[in-house]
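> this is the structure alone, sequence omitted:
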């Protein structure tokens with residue numbers, strides 16, 4: 001069956017714009033601090049080796065599969081899955097991939113924007129040097145005060161969501177494309193500047209040992225699973241964004257080569273992020289912690305106690321805020337594209353409706369730190385449950401279905417049409433890896449996530 005591959009959204013004619021857009025959407029909070037911490041806590045070099053192997057053998061093949069689906073359907077994730085399932089004579093149940101991606105994108109957007117608001121809250125006091133000479137308790141108290149201020153969080157959450165809406169409302173070329181062309185170079189320049197100051201002023205040797213010292217005795221099964229999961233989550237697979245961006249890929253291009261560029265940049269940024277953070281942390285003889293405590297307590301404390309801390313801290317938080325914006329723009333795009341394509345809405349309105357829904361959903365996360373702090377089913381806050389539901393269930397489920405559909409159900413002719421610049425040998429090897437390595441690995445991540453959910457409910 002021939003597909004009607006006309007798109008109502010436009011697309012990018014430049015390969016660089018496509019690579020920059022995809023990469024900007026994947027460089028998020030997890031890449032900028034989670035990778036380095038997990039490497040140090042789970043065996044150092046052994047963790048890094050498993051992470052790199054997982055990026056090549058699991059994450060990259062599934063990322064290529066999701067982008068290929070978008071390129072084939074040339075529409076929003078829901079429309080794309082309708083078309084490719086018809087072409088492949090596949091069951092209607094496979095169309096759930098598009099719906100799951102859009103659902104996950106809106107839920108994740110709701111709390112990513114809240115964290116983006118926290119980043120905005122920290123920029124002015126960092127620039128003013130307000131953290132100078134503060135104790136750890138005082139810095140932690142300031143973060144606690146922010147979490148307890150509902151209206152401040154709601155306002156900053158709204159400001160961050162408004163910026164996200166504006167970029168998406170401007171369209172694929174003027175909005176998403178323009179942001180990507182400027183955002184990725186800005187991210188890389190800021191990151192290099194922060195790394196320069198961090199290595200120069202901090203304890204780079206201890207940071208390198210923390211992340212890369214070979215401690216295979218510390219690398220257990222849960223550490224290997226953490227490396228696999230980090231590779232998967234770092235590429236934003238399963239949330240519809242990559243399928244939406246795949247629809248805007250330029251013609252006469254090599255998708256695998258562009259995916260390779262994205263993966264290489266992602267890995268380099270993850271490694272550099274470790275050297276942006278941990279030399280400063282170890283120089284102050286602090287223990288690296290995981291989660292919001294590292295970003296919003298430990299690092300402001302470090303910046304307040306070091307020379308040129310106001311400058312470096314401002315640059316670093318601006319870097320993370322820009323990275324978060326790239327992620328939230330990608331998350332808002334799938335549902336916006338569906339409303340434009342399916343409901344024929346003008347793009348500003350199509351972006352506004354899901355943005356407002358996500359903003360309202362973010363209020364639940366904000367309340368979970370304040371008035372609803374005592375609401376802790378299973379011992380977890382509502383914010384933690386939302387994160388757990390998306391990260392451990394929706395995203396792995398979507399990724400598993402993508403790997404299985406493209407690996408086993410999608411017709412080879414359609415795949416080869418999208419990989420027309422690649423050899424037959426590449427097609428055979430990539431689809432075999434997708435079927436027999438990537439798909440089983442994603443199933444392992446999904447089972448582990450379901451087990452964690454079951455434990456939490458129990």
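Nice, thanks for sending it over. Note that this is a predicted model, so its numbers are computed, not measured.

> only C-alpha atoms from now on, for both contacts and neighbour counts.
Will do.

> how far does the one helix or strand residue 365 maps to sit from its chain's centre?
Using DSSP states H and E, residue 365 sits in helix 347-367. Relative to its chain's centre, helix 347-367 lies at 18 Å (Cα atoms, centre = their mean, to the nearest Å).

> list the helices and strands it packs on?
Under the contact definition 3 or more Cα pairs under 8 Å, 6 or more residues apart in numbering; DSSP states H and E, helix 347-367 sits against helix 96-128, helix 150-169, helix 309-343, helix 382-389.

> any stretches of this protein with poor pLDDT?
Applying pLDDT under 70 to the chain flags residues 1-10, 214-219, 289-293, 458.

> can I assume residue 345 is in contact with residue 336?
No - the pair residue 345 / residue 336 is not scored as a contact, 9.1 Å apart, by Cα atoms under 8 Å.

> who has more neighbours out of those two?
Between residue 345 and residue 336, counting by other Cα atoms under 10 Å, residue 336 is the more crowded of the two (28 against 15).

> my guess is that one contacts residue 347. True?
Yes - under the criterion of Cα under 8 Å, residue 336 lies in contact with residue 347, with a separation of 7.1 Å.

> any common contacting residues for those two?
Shared contacts of residue 336 and residue 347, defined by Cα atoms under 8 Å, 6 or more residues apart in numbering, are found at residue 168.

> returning to what we had before: and the contacts of the helix holding residue 365?
With Cα under 8 Å, 6+ apart as the test, helix 347-367 has contacts from 106-107, 109-111, 113-114, 147, 150, 153-154, 157-158, 161-162, 165-166, 168-171, 332-333, 335-337, 339-340, 373, 382-383.

> over to stretch 98-111?
Contacts for stretch 98-111 (Cα under 8 Å, 6+ apart): 77-81, 238-241, 328, 331-332, 334-335, 354, 358-362, 365, 383, 386-387, 390, 394-395, 398.

> just to revisit the earlier point, let's have the helices and strands packed on helix 347-367 in JSON lines, adding distance to residue 454.
As requested, these are exported to JSON lines (distance: least, Cα to Cα, whole Å):
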{"stretch": "helix 96-128", "distance to residue 454": "20"}
{"stretch": "helix 150-169", "distance to residue 454": "31"}
{"stretch": "helix 309-343", "distance to residue 454": "27"}
{"stretch": "helix 382-389", "distance to residue 454": "11"}
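
> pick the most deeply packed of these.
Most buried of the helices and strands packed on helix 347-367, by mean neighbour count (mean count of other Cα atoms under 10 Å): helix 309-343, with a mean of 24.

> out of the helices and strands packed on helix 347-367, flag the one nearest residue 442.
Nearest to residue 442, of all the helices and strands packed on helix 347-367, is helix 96-128, at 14.8 Å by Cα to Cα.

> for the next helix or strand along the chain from the closest one, packing partners?
Counting by DSSP H and E, the element after helix 96-128 in chain order, helix or strand, is helix 136-148. Applying 3+ Cα pairs under 8 Å, 6+ apart, one finds that helix 136-148 contacts helix 150-169, helix 299-305.

> before we move on, back to that, buried subset of the contacts of stretch 98-111, written for PyMOL?
Entered in PyMOL, the line below selects the buried ones among those, by 16 or more other Cα atoms under 10 Å:
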select buried, resi 77+78+79+80+81+238+239+240+241+328+331+332+334+335+354+358+359+361+362+365+383+386+387+390+394+395+398
